[in-house]
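# My questions concern the predicted model and sequence given below.
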Amino acid sequence: MRNVFYLFPFVFLSFTMNAQDPDAGNDLLQIQKTLNLYIDGQATGDSLKVATSFHDSWQLKYFAENKFNIVTKSKYVVGYKKHAKPENWSGRIVFIDFTNDIANAKVEISTARLLFVDYFHLMKTNDGWFIVDKISTRTPHKTVEPIVAKAQK
């Protein structure tokens, strides 16, 4: 009888593992791929990469100068100019949460002077995962002037 009690957790665990969606890992990878396309495009000023990560209905929403602002995809991608990735530039995916065909994610992009925090809504379509909305904010980094040693005479 005691052996049955030891066996029960393993049987229950196997049902739990088999009940998981086998495509969930693939979806996570595809969401990461979409977000990394955006990050890479931002890093190098590649409007094609950025535009490819966005659905045609994509909008940026932000609040600045006491005003709520909305920017469409077509207006957002026109100001890009290709360049090498700056040395003091980094981007990272902070988290991804998804259920079925919808997701949200947080991305941070750090430049020499600013930290951009972007929250995304993503949707899975027949053509793959796309960013459909972005809300964004930026915060100045605290910069400290380096202490320069003065030569003594």
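Yep, that arrived.
# Quickly note the distance from the residue most central in space within the chain to residue 65.
Taking C-alpha atoms, centre = their mean as the criterion, residue 107 is the residue nearest the geometric centre of the chain, at 3.6 Å. Here the distance between residue 107 and residue 65 works out to 24 Å (C-beta to C-beta, to the nearest Å). The C-beta positions use only the backbone N, C-alpha and C, and glycine is treated the same way.
# do residue 30 as well
Noted for residue 30: a distance of 37 Å to residue 65, by C-beta to C-beta.
# Just want to know which of those two has more residues nearby.
It is residue 30, of residue 30 and residue 65, that has more neighbours when counted by other C-beta atoms under 10 Å, with 17 against 5.
# Can you tell me the SS state at the more buried one?
Going by DSSP: H, G, I helix; E, B strand; the rest coil, the secondary structure assigned to residue 30 is helix.
# Let me know how buried residue 98 is, in neighbour terms.
A count of nearby residues for residue 98, using other C-beta under 10 Å, gives 18.
# do the same with residue 47
Residues within reach of residue 47, counting by other C-beta under 10 Å, total 16.
# For this protein, name the helix or strand with the lowest mean pLDDT.
For the chain, the helix or strand with the lowest mean confidence is helix 2-18, at a mean of 45 (criterion: mean pLDDT, DSSP states H and E).
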